[in-house]
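1. Here's a sequence, model it:
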Amino acid sequence: RTMRTRHSVARRLIAAIGIVLVAGLPVMVAWSMAASRTMARDQAERFAASINEMTMAGLTAMMVTGTVGQRDVFLDQIRKLTAVSGLEVLRGEAVTALYGKGGLEKEPDAEEAQVLASGQTYLAIEESDGARALRAIYPAKAVTDYLGKNCIVCHQVPEGTVLGAVSMRISLGESDAATRRFAAWVGSFAVLLALLAMGVIAWVVRRSVARPLAHLVASLEEIAQGEGDLTRRLPVERDDEIGAAAAGFNRMLETVAELVREVKR
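-> Numbering: from 1, shown residues only. Model (predicted):
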């Protein structure tokens, strides 16, 4: 019965540590996926901002050089980028009043209309059929120095006026696939690490707890079977709690022996 209890304590200790490790695996995988998705969104936002600046720089150069007629050819080349879809350049009310509506601009949707009205950048993750994309809409405002050019000279509007917006979607498909691969790698590595940790913990528990306790219990049983021999002592071989327990038991035996001697006297 004592042996079963001792082994049960060791098993319970190892099982408790194992449960903590196993419970931590999903947390680790979820955290890695969340961190990877956050990094992917940050990269997509930086890429979208670069596409916006490139688009505006190209259109500005066309206006300066008088090649605005090639505008759609230029935009079509950007639309052919693998990660970019739905690229549109929208005119604001001030530009429409000055140059007309234009023939190829589509009607702005709710988000685009909001950006044109407020002048605030819109960034949001959209999901369709399990595929995620970053919806990015950047307002173009009249400023005195934008990419080295004075917008107010050409458009003749107050500074800060919303001239239009660049709308696009940046696909997150490749980054999400990479995130899933990374999560699978992290999960596999975490499982191997947990198994290794469990093996090390089991070895340490058996060596540092189970075996010393077994030796201590065996010594106690020998003393108990000594038919009242109070001169026997437990071996104190460790400088830890188990050694302290053995030393405390030895002191108790000395106290009991002294009381027995006093009673006899």
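
2. ok, which stretches of the stretch 51-200 of the chain are strands?
-> Secondary structure of the stretch 51-200 of the chain by DSSP state E, counting those that start in this stretch: the strands cover 84-91, 122-128, 131-141, 162-171.

3. what's the spacing between the third one and its chain's center?
-> Right, the one you point to is strand 131-141. 24 Å (C-alpha atoms, centre = their mean, to the nearest Å).

4. Convert that strand to PDB, retaining C-alpha atoms only.
-> What follows is strand 131-141, C-alpha atoms only, in PDB (Å, rounded to 0.1, in the frame of the first residue of the first chain):
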ATOM      1  CA  ALA A 131      -9.800  34.300 -48.400                       C
ATOM      2  CA  ARG A 132      -8.700  37.400 -46.600                       C
ATOM      3  CA  ALA A 133      -7.700  40.700 -48.100                       C
ATOM      4  CA  LEU A 134      -6.700  44.200 -46.800                       C
ATOM      5  CA  ARG A 135      -9.100  46.800 -48.000                       C
ATOM      6  CA  ALA A 136      -7.100  50.100 -48.300                       C
ATOM      7  CA  ILE A 137      -8.500  53.500 -49.300                       C
ATOM      8  CA  TYR A 138      -6.200  56.400 -49.200                       C
ATOM      9  CA  PRO A 139      -7.400  60.000 -49.600                       C
ATOM     10  CA  ALA A 140      -5.400  62.400 -51.800                       C
ATOM     11  CA  LYS A 141      -5.400  65.900 -50.400                       C
END
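
5. Show me which residues of that strand are buried.
-> Across strand 131-141, burial judged by 16 or more other C-beta atoms under 10 Å covers 132-141. Glycine gets a C-beta too; all of them are placed from N, C-alpha and C.

6. what's the answer for the first one, then?
-> By neighbour count, and taking 16+ other C-beta under 10 Å as the criterion, the buried residues in strand 84-91 are 84, 87-91.

7. Roughly how far does the residue nearest in space to the middle of the chain sit from residue 45?
-> Centroid-nearest residue in the chain, with C-alpha atoms, centre = their mean: residue 35, separated by 2.7 Å. As defined by C-beta to C-beta, to the nearest Å, residue 35 lies at a distance of 16 Å from residue 45.

8. tell me which residues form a beta bridge with residue 169?
-> residue 85, residue 135 (DSSP bridges).

9. Show the pLDDT at it.
-> pLDDT for residue 169: 93.

10. what's around it, how many residues?
-> Using other C-beta atoms under 10 Å, residue 169 has 19 other residues around it.

11. My guess is it contacts residue 86. True?
-> Yes: with contact defined as C-beta atoms under 8 Å, residue 169 reaches residue 86; the gap is 4.5 Å.

12. rewinding a little: how about the strands of the stretch 51-200 of the chain in TSV, adding distance to residue 76?
-> Below are the strands of the stretch 51-200 of the chain laid out as TSV (distance: least, C-beta to C-beta, whole Å):
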stretch	distance to residue 76
strand 84-91	9
strand 122-128	23
strand 131-141	19
strand 162-171	13
